[in-house]
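Q: could you look at this predicted model? Sequence included:
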Amino acid sequence: MDQFERAAGEAVAAGRLPGLAAIAVDAGGTRYEGAWGWADVEAGTPLRLDSLLVIASMTKPVTSVAVMQLVERGLLDLDGDAGAILPGLAGPQVLRGFDPASGEPLLEPASGPVTIRQLLTHTSGLAYNLWNADLARYMEHAGVPSMQDDGPGSLEVPLVADPGTRWEYGISTDRLGQVVEAVSGLGLDEYFERHILGPLGMADTAFAVPAEKAARRATVHRRTEDGALAPFPLTSLSDPAFCSGGGGLISTPADYGRFLRMLLRGGELDGARVLAPETVALMGRNHIADLEVRPLPTAMPFLTNDLEILPGITKQWGLGFQLNAEPVPGGRSAGSLAWAGLANTYFWVDPTAGLAGATFTQLFPFADGDALDLLGEFERAVYRNLVR
């Protein structure tokens, strides 16, 4: 792993990343782990494998597991109308553009309902204002608050495409978090703790950082115009506005490694089964037919760069994960599961090779070139050294 470790150390020493943690696991346990640099650059606090990190959209797979648990119990139908559970999705409207004279949004009824499967696959028509300029314009015009200011209120937006007609990354999984709450009768934090985090021994994963763990909380940094790293202020992580199923969790590299091992083991870890093996297999199949997982141009460059993970490779979507239809040269097999988080955290799960890995830093904007380069370096090192 020397080549990867040198690259990680050099990136941190040069100030290109505040810090980096990496972990690789298989069904039996942790195969590799390491951390370099700082959890807080200004304070000089080292980044560790038990540092508490914003994992943002790496929350989505956890929410997707919760949804599939309810499907297994017969409480949800993958092709059922989500609007029958959430009034905010009943009778959905589609944003078709803006009146050229008045600037008013042009809304029309959607061609059909939004289903649970479409929410899991990001084919619901719901978008993120980070990568959809029309939605960003609508939210500004309509006074829709940001997720940090008012989580549930930020979800009251129209679709940007008819359900099932295109892949559009967005707030679908936040809506799924609300579905879990409505169907289970539990807050999302309590549901996660009872049915996923507790059974898997993920004791450091939660929607809020308790006072007794505050010293382990890493600082999220931003890259300034001159290339320096500075703290990026976030709303309090001890009292979030709501439990965001799309991006609200705090976790550690060690904890998330346990979640990845559960997926490799077909839904079970250390005697605790959270999903049936056939359900995990179902989640790892393509559910968007011939729709394209397309590159996303940024609409908010201070938070994210243009986004495409694994450019040049055909990408599909399962029930909660991006899937690569072709093998990655020197890395993961075709059909591996993957995704990422806005503060430049990334993971993959390769059922064919029996390996999973993740890299973590705390840096905006997302899709940072150095962070993605090191993800690739790490992946290639894992497959060079750890494939049995």
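A: Yep, that arrived.
Q: quick one, what contacts the closest residue to A367 other than its chain neighbours?
A: Nearest residue to A367, sequence neighbours excluded (Cβ to Cβ, 6 or more residues apart in numbering): N305, at 4.2 Å. Quick note: C-beta positions are derived from backbone N, CA and C, even for glycine. Going by Cβ atoms under 8 Å, 6 or more residues apart in numbering, N305 touches 298, 365-369.
Q: now with 10 Å, please.
A: 296-298, 364-369, 372 (Cβ atoms under 10 Å, 6 or more residues apart in numbering).
Q: now it: how far from P311?
A: 12 Å (Cβ to Cβ, to the nearest Å).
Q: please enumerate the shared neighbours of the two.
A: What both N305 and P311 touch, as defined by Cβ under 10 Å, 6+ apart, is the set L372.
Q: quick check: pLDDT value at V349.
A: Per-residue pLDDT puts V349 at 98.
Q: who's it bridged to?
A: L337, A356 (DSSP bridges).
Q: low-confidence stretches in the stretch 1-150 of the chain?
A: Along the stretch 1-150 of the chain, the parts satisfying pLDDT under 70 run over 149-150.
Q: quick one, longest strand in this structure?
A: strand 29-40 (DSSP state E).
Q: what packs against it?
A: helix 2-13, strand 19-26, strand 45-46, strand 221-223, helix 253-264, strand 355-360, helix 369-385 (3 or more Cβ pairs under 10 Å, 6 or more residues apart in numbering; DSSP states H and E).
Q: phi, psi of S336?
A: phi -70, psi 150 (degrees, to the nearest 10).
Q: separation between it and L200?
A: For S336, the distance to L200 - Cβ to Cβ - is 21 Å.
Q: those two: who's more crowded?
A: Set S336 next to L200 and count neighbours by other Cβ atoms under 10 Å: S336 wins out with 24 against 21.
Q: what's the residue nearest to the more buried one when sequence neighbours are not counted in contact with, if anything?
A: Distances taken as Cβ to Cβ, 6+ apart put D350 closest to S336, at 4.3 Å, once the chain neighbours are dropped. Applying Cβ under 10 Å, 6+ apart, we find D350 in contact with 26, 264, 324, 327-328, 331-338, 356-357, 379, 382-383, 387.
Q: for A101, see how far away D350 is.
A: D350 is 53 Å from A101, by Cβ to Cβ.
Q: again with V25
A: Separation of V25 from A101 (Cβ to Cβ): 57 Å.
Q: and which of the contacts of N305 is nearest to G143?
A: T298 (22.8 Å; Cβ to Cβ).
Q: any idea how far S244 is from that closest one?
A: 20 Å.
Q: okay, these two: which has more neighbours?
A: A side-by-side neighbour count of T298 and S244, using other Cβ under 10 Å, places S244 first with 26 against 17.
Q: who's in contact with the more buried one?
A: Contacts of S244 (Cβ under 10 Å, 6+ apart): 56-57, 59-60, 63, 147-148, 151-152, 154-155, 171, 173-174, 177, 188, 207.
Q: now restrict those to buried residues only.
A: Buried subset of the contacts of S244 (neighbour count, 16 or more other Cβ atoms under 10 Å): 56-57, 59-60, 63, 147, 151, 154-155, 171, 173-174, 177, 188, 207.
Q: so what's the most centrally placed residue in the chain up against?
A: Central residue of the chain (Cα atoms, centre = their mean): S57, 2.1 Å from the mean position. Counting by Cβ under 10 Å, 6+ apart, S57 touches 128, 169, 173, 244, 246-249, 339-343, 345, 366.
Q: same deal with G125?
A: 92-95, 110-112, 114, 118-119, 158-166, 168, 170, 172.
Q: what do you get for T352?
A: 327, 332-336.
Q: could you measure from it over to A281?
A: 12 Å.
Q: now do stretch 267-285: distance to the chain's middle.
A: Here stretch 267-285 is found 19 Å from its chain centre; the criterion is Cα atoms, centre = their mean, to the nearest Å.
Q: how long is that stretch end to end?
A: In stretch 267-285, first residue to last residue: 15 Å (Cα to Cα, to the nearest Å).
Q: where along the protein do the helices fall?
A: Here the chain has its helices, by DSSP state H, at 2-13, 60-72, 116-121, 133-142, 151-154, 172-184, 188-192, 253-264, 277-283, 369-385.
Q: so, low pLDDT: which residues of the stretch 151-300 of the chain?
A: Along the stretch 151-300 of the chain, the parts satisfying pLDDT under 70 run over 235-238.
Q: ok, the nearest residue to L78 once chain neighbours are set aside - contacts?
A: Leaving aside its chain neighbours, L78 sits nearest to R117 (4.4 Å; criterion: Cβ to Cβ, 6+ apart). R117 makes contact with 67, 71, 77-80, 82, 123-124, 163-164, 287-288, 319, according to Cβ under 10 Å, 6+ apart.
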